[in-house]
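Enquirer: here is my input; please provide its structure:
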Amino acid sequence: MEQLRTIGRELAMGSQGGWGQSKEFLDLVKSIGEVRSKAEEDRIIARELEHLKRRLADPDVPRRKMKELLLRLVYAEMLGHDASFGHIHAVKMTHDESLPLKRTGYLAVALFLDERHDLVILVVNTIQKDLRSDNYLVVCAALTAACRLIGEEAIPAVLPQVVELLAHPKEAVRKKAVMALHRFYQRSPSSVSHLVSNFRKRLCDNDPGVMGATLCPLYDLILEEPNSYKDLVVSFVNILKQVVERRLPTSYDYHQIPAPFIQIKLLKILAVLGSGDKQASGHMYTVLGDIFRKGDTASNIGNAILYECICCISSIFPNPKMLEAAAETTSKFLKSDSHNLKYMGIDALGRLIKINPDIAEEHQLAVIDCLEDPDDTLKRKTFELLYKMTKSTNVEVIVDRMIEYMINITDHHYKTEIASRCVELAEQFAPSNQWFIQTMNKVFEHAGDLVNIRVAHNLMRLIAEGFGEEDEGADSQLRSSAVDSYLRIVGEPKLPSSFLQIICWVLGEYGTADGKYSASYIIGKLCDVAEAHLTDDTVKAYAISAILKIFAFEIALGRKIDLLPECQTLVDELSASHSTDLQQRAYELQALLGLDKNAVESVMPADASCEDIEVDRNLSFLNSYVQQALENGASPYIPESERSGVISVGSYRSQEQQETSAHTLRFEAYEMPKPSLPLATSQTSMSTPTTDLVPVTEPGYYKEDHQTSKSQPPGDAVSGEFGVKLCLDGVQKKWGRPTYSSSTPSSLASSQQTTNGASHSDGGGSSSQPRESSYGSKRQQGTEVSAEKQRLAASLFGSAAAKADRKAQASRKTAKDSPSTEKVATTNVTAQPVKEQVIPAAPPPDLLDLGDEPVSSNPPSADPFSQLEGLLGPASAAPVLSGTPATSTSKAPDLMSIFSDDVPTGVASGSTDPTLGDVNSTSSHKGATAVASKKGPSLQDALQKDATARQVGVTPTGNNPNLFKDILG
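Expert: Numbers count the residues shown, from 1 in each chain. From the prediction side, this is the model:
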């Protein structure tokens, strides 16, 4: 605004110097500059617009006076006021033969109108005529207006004339013609696609201004198809070299830097053309090195060129010398006292660590200083850098810092971004399940309303599944710690709704599991949650369902529990609620209290949150009711596909209604949902798992964002709240001990040697001391780095000594585990010779998938006894080994089929392998326990549960048949 006032003041004062303008314009600008409030400015402009409206309505206004009035009108419009009454006068002035008046008219029209304005059609003919003018100033004014006013429909009208002007003798006309063609390409690429070769020709123009203007359309074209312009790499490099060597006229210098904006555009183009192309990048190294050597860090434009050069080096094929020069320049940025240069240094460092992660360790203390800087913009940029640097060794420190920063900010948009990043890093790099739960509690507590509801479902699924192994003690400890933490948090005010849903679900499932807390205490806490959130029906639904679970578990254990007064009040209130869902849950609780122990165990089985629920889509339990109704004379149901002669509501719609059907309500029935195709299972996931744990490598820094590869059905996003099951089939596991296990010798040794694709030296701390001293050299004398910053830097960036300790620990574990490995190998060779072949590495175990494991139809490619190690203990493996014939010419027995669900079907359908039959018959009794304990749907159990529910009188209603939909997960 101040610049606009200054321009107007200078324009008015210049008009006093010889343009023949009146003193009124100067008085207008002076009065606006002296106002104290916006209301006073509006009054002045409104009074001026009334004056201009009267003057423009006068037919006898001289042309020079009309020019002044249009300038005053432009000034009022640029201050944000409506001056549409004068637009037509600006259009009329473009027809004037006088050059000053014509240029003033084009200027006013370009500011008043846009390509969609109705008056543009009146200007197109004038632009066509002026493009053929002999006066190059008129042509330049017409080209400037064409860039602003010519839309997609009007491009063919002026395109031939603009193309002819590319060969105009005046360089200013050629430059504006290139700019006009670029504008036409941006608005309608298909209209100018056949003229792309003209940009190549103008690249060789004798005038540097025309050449510089041609770089802009070429950059857009190269972004679309880089391979089509690879042949121009040498030309771009030669142009950049001439610019750096100051071969251009000094009129193109800016702050003694030769043509800096042309250099920046050329660096952007070279970065695109050299990406992943070693040959093209080889032509660029020399000129990039010259830019670094001649770079001027004393001015902002010099630093801008150096920053763009770093961006170019980080995009093209990497070169060690260029990376070293870029790292040195980045160090200068980070050591600067200017926040702008520090910001550039952090951004440049984030680009360089994608190529060489070791560069970050050289500037670790500078990064810590930026993280603690009071400048909020610099701090956010530093968090983006740490987000890219996150790995399993520093995830705890980085996430804790992010959460601490998230708590202290009030910007909801950025708070949402920080919360999502914390969740993303915690899901991908969590060192333990306890840490993950604690981190999620903090995120939900301070930003629960900003987090996606799927994160809450994932947290509940993790608590339900535990570690994914047969370690029930660790799972119980995990759930007990979750209950303790939620009981401490539940009393705090203003907890987010999604977090309260998690708390209610966990307290209902595991609140009384370990006997530490009484059922009355947990029920009282849940009643307090429901009473404190009377307007949130979802929270009340979770609370009443949790109370129902606790009553069911206590009745199943034979313990008598009385209904607390506050609980009775809550049930009575929900029974009279306007929400049918809350009413149903309250009635279910009342019905459950009147059941006996056996009925409750059938309706509410203990620890069934991870089991799939068998849904009877055909409603077979109603067959007897339907048959009895038919015998009593009821009309049979006729499917919709078999109905004939039934007049539908849609047939009454008229032709006029059909034409506007897109904007009216539709009364036709919805189409039936199409069955989803089964996901194709890859060969790797179908293969039989080996005994060795698969090492999970850490993602490299070349990834811009940490995203796990997931295959999740679209309906799973809300299944935790509205569906009939908690778990989501087909979701990749993110947690579990194998993922975070550090006891695997092979994976530990390899991960310490190579981290994120970059090798680390095994030396001690000799390399870290120069790094710290190099950064400390810019500090004042007598300043020492605090111990707290050193510890934080060690946590974020690690140290070589820590890596050496971990490698030594890995070697000891390797030596310790080697005898057992040799023993297993000897047993395998003795049992049965197996052909040597390469076994593809299996993916990490999918611990979140609660569905049936995919069973391979092919025989195992490795020794089945080696594959069963870890699944069968020595005691259980011995009978199977004894039952297998020692000498047999048939194919190897498929012992893994014992654990599949379709073993009886496979044997009954004609399995011709006698060995397999012996194994199945031998292990049928001993493997009964393992098969029975396997989680999965059972049709017989589901029918038995339905029969029990009907006997006790708890039957689904027609309005809401989903009984216990949230109780069972």
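
Enquirer: wait, isn't A464 in contact with E509?
Expert: Yes - here A464 reaches E509: they are 7.1 Å apart, a contact under CB atoms under 8 Å. Using the backbone N, CA and C atoms, a C-beta is placed for each residue, glycine as well.

Enquirer: higher neighbour count, the two?
Expert: E509 (26 against 20; other CB atoms under 10 Å).

Enquirer: test my guess that L564 contacts K525.
Expert: No - counting by CB under 8 Å, L564 sits too far from K525 to count as a contact (11.1 Å).

Enquirer: who's more crowded, these two?
Expert: K525 (20 against 15).

Enquirer: so for that one, what pLDDT did the model give?
Expert: pLDDT, the model's per-residue confidence, is 90 for K525.

Enquirer: where does pLDDT dip in the chain?
Expert: 1-21, 467-471, 607-610, 644-786, 798-940, 942-969 (pLDDT under 70).

Enquirer: which stretches in it count as strands?
Expert: 253-254, 257-258, 754-755, 758-759 (DSSP state E).

Enquirer: mind listing what the first one pairs with, with the direction of each?
Expert: Looking at strand 253-254 with DSSP bridges, its paired strands and their directions are strand 257-258 (antiparallel).

Enquirer: got the contact list for the partner strand?
Expert: By CB atoms under 8 Å, 6 or more residues apart in numbering, the residues outside strand 257-258 that reach it are V243, V244, R246, L248, Y252, Q263, D296, S299, I301, G302, I305.

Enquirer: distance to V539 and neighbour count added to those, as JSON lines?
Expert: Below are the contacts of strand 257-258 laid out as JSON lines (distance: CB to CB, whole Å; neighbours: other CB atoms under 10 Å):
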{"residue": "V243", "distance to V539": "65", "neighbour count": "23"}
{"residue": "V244", "distance to V539": "66", "neighbour count": "21"}
{"residue": "R246", "distance to V539": "71", "neighbour count": "15"}
{"residue": "L248", "distance to V539": "69", "neighbour count": "18"}
{"residue": "Y252", "distance to V539": "67", "neighbour count": "17"}
{"residue": "Q263", "distance to V539": "60", "neighbour count": "22"}
{"residue": "D296", "distance to V539": "62", "neighbour count": "14"}
{"residue": "S299", "distance to V539": "59", "neighbour count": "14"}
{"residue": "I301", "distance to V539": "57", "neighbour count": "15"}
{"residue": "G302", "distance to V539": "59", "neighbour count": "18"}
{"residue": "I305", "distance to V539": "57", "neighbour count": "22"}
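
Enquirer: out of these, which one sits closest to W435?
Expert: For those, the minimum distance to W435 (CB to CB) is 45.2 Å, reached by I305.

Enquirer: for that closest one, what are its contacts?
Expert: For I305, counting by CB under 8 Å, 6+ apart, the contacting residues are I257, P260, Q263, I264, L267, I291, G295.

Enquirer: which among those count as buried?
Expert: I257, P260, Q263, I264, L267, I291, G295 (16 or more other CB atoms under 10 Å).

Enquirer: just the ones of those residues in helices?
Expert: P260, Q263, I264, L267, I291 (DSSP state H).

Enquirer: which residues does the fourth one contact?
Expert: If I follow you right, that is L267. L240, I305, E308, C309, C311, C312.

Enquirer: do that again at 7 Å, thanks
Expert: E308, C309, C312 (CB atoms under 7 Å, 6 or more residues apart in numbering).

Enquirer: before we move on, what about the first one?
Expert: Residues in contact with P260 (CB under 7 Å, 6+ apart) are Y254, I301, I305.

Enquirer: find the nearest non-adjacent residue to it, please.
Expert: Leaving out its chain neighbours, the residue that sits closest to P260 by CB to CB, 6 or more residues apart in numbering is I301, at 4.7 Å.

Enquirer: go on, the last one?
Expert: Excluding the flanking residues, the one nearest I291 by CB to CB, 6+ apart is C309, at 5.1 Å.

Enquirer: from S235, how far off is that neighbour?
Expert: C309 is 19 Å from S235, where distance means CB to CB, to the nearest Å.

Enquirer: more neighbours: which of these two?
Expert: Shown here are C309 and S235; by other CB under 10 Å, C309 has more neighbours (26 against 13).

Enquirer: can you give me the helices in the stretch 301-450 of the chain?
Expert: Here the stretch 301-450 of the chain has its helices, by DSSP state H, counting those that start in this stretch, at 320-335, 339-352, 358-361, 364-371, 376-389, 395-408, 412-429, 433-447.

Enquirer: export the first one as PDB, just CAs?
Expert: Output in PDB follows, covering the C-alpha atoms of helix 320-335 (Å, rounded to 0.1, in the frame of the first residue of the first chain):
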ATOM      1  CA  PRO A 320      31.900 -35.800  -5.200                       C
ATOM      2  CA  LYS A 321      33.700 -32.500  -5.900                       C
ATOM      3  CA  MET A 322      30.400 -30.700  -6.600                       C
ATOM      4  CA  LEU A 323      28.900 -32.200  -3.500                       C
ATOM      5  CA  GLU A 324      31.900 -31.000  -1.500                       C
ATOM      6  CA  ALA A 325      31.500 -27.500  -2.900                       C
ATOM      7  CA  ALA A 326      27.800 -27.400  -2.200                       C
ATOM      8  CA  ALA A 327      28.300 -28.600   1.400                       C
ATOM      9  CA  GLU A 328      30.900 -25.800   1.900                       C
ATOM     10  CA  THR A 329      28.500 -23.200   0.600                       C
ATOM     11  CA  THR A 330      25.700 -24.700   2.800                       C
ATOM     12  CA  SER A 331      28.000 -24.400   5.800                       C
ATOM     13  CA  LYS A 332      28.500 -20.600   5.100                       C
ATOM     14  CA  PHE A 333      24.700 -20.200   5.000                       C
ATOM     15  CA  LEU A 334      24.200 -22.000   8.300                       C
ATOM     16  CA  LYS A 335      27.000 -20.000  10.000                       C
END
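
Enquirer: which outside residues touch that helix?
Expert: Counting by CB under 7 Å, 6+ apart, 285, 288-289, 292, 297, 306, 310, 313, 341-342, 344-345, 348-349, 352, 355-356, 359, 362-363, 366, 778 sit against helix 320-335.

Enquirer: and the angle from that helix to helix 364-371?
Expert: 40 degrees (axes from the mean of the first three to the mean of the last three CA atoms, to 10 degrees).

Enquirer: pull out the buried residues from helix 320-335.
Expert: For helix 320-335, by 16+ other CB under 10 Å, it's M322, L323, A325, A326, A327, T329, T330, S331, F333, L334, K335.

Enquirer: quick one: the second one from K354, how far?
Expert: As defined by CB to CB, L323 lies at a distance of 11 Å from K354.

Enquirer: how about the fifth one?
Expert: When distances are taken as CB to CB, A327 and K354 turn out to be 13 Å apart.

Enquirer: can you lay out the contacts of strand 257-258 as CSV showing distance to L796?
Expert: CSV is the format used below for those (distance: CB to CB, whole Å):
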residue, distance to L796
V243, 40
V244, 38
R246, 43
L248, 45
Y252, 45
Q263, 35
D296, 33
S299, 33
I301, 34
G302, 31
I305, 31
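
Enquirer: what's the farthest-apart pair in these?
Expert: Farthest apart among the contacts of strand 257-258 - using CB to CB - are L248 and S299, which lie 17.9 Å from each other.

Enquirer: list the contacts for the closest residue to L137 other than its chain neighbours?
Expert: Nearest non-adjacent residue to L137, counting by CB to CB, 6+ apart: L99, 6.1 Å away. Residues near L99 by CB under 7 Å, 6+ apart: N135, L137, V138.
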